[in-house]
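**Student:** pasting the sequence and the predicted coordinates here, then a few questions.
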Amino acid sequence: MALLEQKLARVDLNLLISLSVLLKEKNVSRAAERLYLSQSAMSRTLQRLRELFDDPLFHRTASGIVPTEKAHNIEALLPDLLQKLESILHDDDFSPQSCDKNFSISLPSLTSHAMFLPLVQAINNEAPAVQLSEYSAKMSSKKSLESGFLDFVIDVEKPADSAFITTSLGKLTLSIFARKNHPLTGQHKVELAECLTYRFLELNVNEDSGAIFTNPIDSILLKQGFKRDVQLKTSQLSILVEWLKSSDTLLIAPSFFINSSTYREDVVSIYQFEQTDSNMVELFLLQHQRTVNSAAHQWLRDKILQQTL
């Protein structure tokens, strides 16, 4: 069986445009005028159309030409087909109000509440038909971005691959969080060394046991001569927070983590790292080169930057 591309290889798209005008005008001379063709050129085009569709397409009458049944069937399909072709050829004519694309974004779970929800609100206000899908950051997110499964990735690592367009979203201040009645919450000032006598929780971004991921938090602690003892790693933020609220474990997360009404009732910040470059985690927005000329993707990229920078 011939491939679709092979079947369509002999089709001249200009023929479909000519057919559309002929169907509207039902007159060869007027169709020729609209397309700035001579009547003889229009007649040759009609002959090519008849050969392409293996049908007369039109019968001549005293008042013009009358479409055949096959021409009527084609006429029902042409407007949608030509509109889609126009959209492909003029992607720059992007309108958020009429956009109904599905965009997929991956970002660290600990930042999703503070970063993703405002983005959803902004998108909904400007492009109500757009669908957003959010995925937790994984080590394979860059591969998913490259394959086209993801449209954007927000990550703590800056890839060296030139296939990715990377924009810094700024640096995050880190804090250590505990349940409200944790033993350390009653102290006037808590030192980092005291926090590290307790066990910690961590969101897991590894897909398998063989994957290697160095959490930037561990790098920050190591520079100060510290190492945390992680009791539980989980990819489920809800499980992590529930265990934080019911145990003496601690969590290192961006300082804005506490801004969420979901957590502030039961969780408090007990220590904030100094706001120096060595103590902060930088976030990057990653976009693949394949979407750089997409007006829709550039619009969404601008929205992400507006909500995060």
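**Tutor:** Right, received. Where do you want to start?
**Student:** hang on, M280 packs against S168?
**Tutor:** No. Here M280 does not reach S168: they are 11.8 Å apart, not a contact under Cβ atoms under 8 Å. Any C-beta I mention is one placed from the backbone N, CA and C, and that applies to glycine too.
**Student:** what is the rounded mean pLDDT of the strand or helix carrying D302?
**Tutor:** D302 is part of helix 295-308, with elements assigned from DSSP states H and E. Per-residue pLDDT over helix 295-308 has a mean of 90.
**Student:** could I have it exported to CSV, CA atoms only?
**Tutor:** This file holds the C-alpha atoms of helix 295-308, laid out as CSV (Å, rounded to 0.1, in the frame of the first residue of the first chain):
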residue,chain,number,x,y,z
ALA,A,295,4.4,31.6,18.0
ALA,A,296,2.2,29.6,20.5
HIS,A,297,5.3,28.3,22.4
GLN,A,298,6.9,31.8,22.5
TRP,A,299,3.7,33.2,23.9
LEU,A,300,3.7,30.6,26.7
ARG,A,301,7.4,31.1,27.3
ASP,A,302,6.7,34.8,27.9
LYS,A,303,3.9,34.0,30.3
ILE,A,304,6.1,31.7,32.3
LEU,A,305,8.8,34.4,32.5
GLN,A,306,6.2,37.0,33.6
GLN,A,307,5.0,34.8,36.4
THR,A,308,8.5,33.8,37.7
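**Student:** tell me if I am right that N293 is in a helix.
**Tutor:** No. Under DSSP: H, G, I helix; E, B strand; the rest coil, N293 sits outside any helix and is assigned coil.
**Student:** quick one, phi psi at it?
**Tutor:** When read as degrees, to the nearest 10, the backbone of N293 gives phi -100, psi 10.
**Student:** who's more crowded, M280 and S168?
**Tutor:** M280 (18 against 11; other Cβ atoms under 10 Å).
**Student:** residues in contact with the more buried one?
**Tutor:** Going by Cβ atoms under 8 Å, 6 or more residues apart in numbering, M280 touches K171, L172, T173, L174, F273.
**Student:** which SS class is H59?
**Tutor:** Per three-state DSSP, H59 ends up strand.
**Student:** and which of the contacts of M280 is nearest I123?
**Tutor:** L172 (22.6 Å; Cβ to Cβ).
**Student:** count the neighbours of the nearest residue to the closest one once chain neighbours are set aside for me.
**Tutor:** Excluding its sequence neighbours, the residue lying closest to L172 (Cβ to Cβ, 6 or more residues apart in numbering) is P254, at 4.4 Å. Per other Cβ under 10 Å, the neighbour tally for P254 reads 19.
**Student:** so how far is L145 from P254?
**Tutor:** Distance, P254 to L145, using Cβ to Cβ, to the nearest Å: 22 Å.
**Student:** equivalent analysis for H288, please.
**Tutor:** From H288 to L145 the distance is 5 Å (Cβ to Cβ).
**Student:** overlap of the contact sets of the two?
**Tutor:** In contact with both H288 and L145: F164, using Cβ under 8 Å, 6+ apart.
**Student:** neighbour count: those two, which is higher?
**Tutor:** For the pair H288 and L145, the greater number of neighbours falls to L145 (25 against 20), based on other Cβ under 10 Å.
**Student:** quick one, what contacts the more buried one?
**Tutor:** S106, D151, F152, V153, F164, L286, Q287, H288.
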